[in-house]
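Engineer: coordinates only, no sequence provided:
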Ligand SMILES: NC(=O)c1ccc[n+]([C@@H]2O[C@H](COP(=O)([O-])OP(=O)(O)OC[C@H]3O[C@@H](n4cnc5c(N)ncnc54)[C@H](O)[C@@H]3O)[C@@H](O)[C@H]2O)c1
């Protein structure tokens, strides 16, 4: 596979890069942050790109075409947690642009390339795209939009020879996760440690996931011969579909 991974410098993104590199794939890392890309191991190619920037998106398409990319994975995103009383329109729009709209823009741009290659497009969503969370309305809205979008376009894309899949993981111990948990704990004036313990106790498996576990699931979903499921929900049992 020749894979392009967006958010490659993030916690989940760099684990996905490692999984694909270990399997012998050619891997291009894409991130909005040059500094973040420095953290991704052994990239064959790297590119700083903001999916909301037209010029950068065109450059990205050219690079993907030159390199015959046949597998695109989006692992980028931002924390959208905030109490409703503090959720500004600007912040809501930013969360929707980065977490949702940028993915549509990337897909639309890459569809001709993926059609030619018979390729796959895999999106990291979240269990927050299937189950509401208090103090997390913007994030949930951005992720619900993605889970609906994947389900509605996967059939159309399949007819064009392109596999579109989404993954909705539960809790994974990354900076994004801890940033949201801080908000949740503060909203009920609970010490963070106590909140984190409570959250883990509510996971039937008894622990949060590692980034390597989720990277393994993404590897599985990105295979062209994986026909089911359209959405994979690897949680510790706290969200079951
Ligand atoms: N951590 C969790 O518990 C968890 C659970 C379920 C789903 N997720 C989802 O997984 C994805 C990755 O989460 P993470 O915990 O690895 O976060 P992270 O903050 O470690 O990584 C996110 C990466 O995305 C990059 N990025 C941000 N905006 C971008 C943009 N516009 N264009 C390109 N790159 C951009 C950042 O620079 C960063 O490298 C997110 O979509 C998140 O919602 C996370």
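Structural biologist: Perfect, thanks for sending it. Just so it is clear, the model here is predicted, and its values are computed rather than measured.
Engineer: the ligand contacts on the chain?
Structural biologist: Residues of the chain lying close to the ligand (Cβ under 6 Å from any ligand atom) are 6-7, 9-13, 31-33, 36, 50-51, 75-78, 98, 102, 124, 126, 169, 171-172, 174-177. Placement of C-beta: from N, CA and C, glycine included.
Engineer: out of these, which end up buried?
Structural biologist: 6-7, 9-13, 31-32, 36, 50-51, 75-78, 98, 102, 124, 126, 169, 171-172, 174, 176-177 (16 or more other Cβ atoms under 10 Å).
Engineer: in helices, which of those fall?
Structural biologist: 11-13, 36, 102, 176-177 (DSSP state H).
Engineer: out of those, which comes closest to residue 187?
Structural biologist: The closest of these to residue 187 turns out to be residue 177 (Cβ to Cβ; 16.0 Å).
Engineer: and the strands in the chain?
Structural biologist: Assigned by DSSP state E, the chain shows strands spanning 2-6, 26-31, 45-48, 71-74, 120-124, 163-167, 231-232.
Engineer: dump these to JSON lines, plus mean pLDDT.
Structural biologist: Listed next are the strands of the chain as JSON lines, based on pLDDT from 0 to 100:
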{"stretch": "strand 2-6", "mean pLDDT": "98"}
{"stretch": "strand 26-31", "mean pLDDT": "97"}
{"stretch": "strand 45-48", "mean pLDDT": "96"}
{"stretch": "strand 71-74", "mean pLDDT": "98"}
{"stretch": "strand 120-124", "mean pLDDT": "97"}
{"stretch": "strand 163-167", "mean pLDDT": "96"}
{"stretch": "strand 231-232", "mean pLDDT": "96"}
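Engineer: can I get the ones you listed in JSON lines with distance to residue 110?
Structural biologist: JSON lines is the format used below for the strands of the chain (distance: least, Cβ to Cβ, whole Å):
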{"stretch": "strand 2-6", "distance to residue 110": "8"}
{"stretch": "strand 26-31", "distance to residue 110": "11"}
{"stretch": "strand 45-48", "distance to residue 110": "14"}
{"stretch": "strand 71-74", "distance to residue 110": "6"}
{"stretch": "strand 120-124", "distance to residue 110": "7"}
{"stretch": "strand 163-167", "distance to residue 110": "11"}
{"stretch": "strand 231-232", "distance to residue 110": "20"}
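Engineer: got the end-to-end distance for stretch 165-178?
Structural biologist: This stretch, stretch 165-178, spans 26 Å end to end (Cα to Cα, to the nearest Å).
Engineer: same thing with stretch 29-40?
Structural biologist: Using Cα to Cα, the end-to-end distance of stretch 29-40 comes to 8 Å.
Engineer: likewise stretch 151-170?
Structural biologist: 19 Å.
Engineer: could I get the buried residue list for it?
Structural biologist: Neighbour counts over stretch 151-170 (16+ other Cβ under 10 Å) mark 153-154, 157, 162-170 as buried.
Engineer: and for stretch 84-96?
Structural biologist: 87, 92, 94-96.
Engineer: same check on stretch 211-224?
Structural biologist: Buried positions in stretch 211-224, judged by neighbour count with 16+ other Cβ under 10 Å: 211, 214-215, 217-219, 221-222.
Engineer: check stretch 131-143 too.
Structural biologist: Within stretch 131-143, the residues scored as buried using 16+ other Cβ under 10 Å are 131, 135-143.
Engineer: can you point me to the longest helix in this structure?
Structural biologist: Once the chain is assigned using DSSP H, the helix that runs over the most residues is helix 137-159.
Engineer: tell me the predicted confidence for residue 225.
Structural biologist: The model reports residue 225 with a pLDDT of 82.
Engineer: what number of residues are in the vicinity of it?
Structural biologist: The number of residues packed near residue 225 is 6, by other Cβ atoms under 10 Å.
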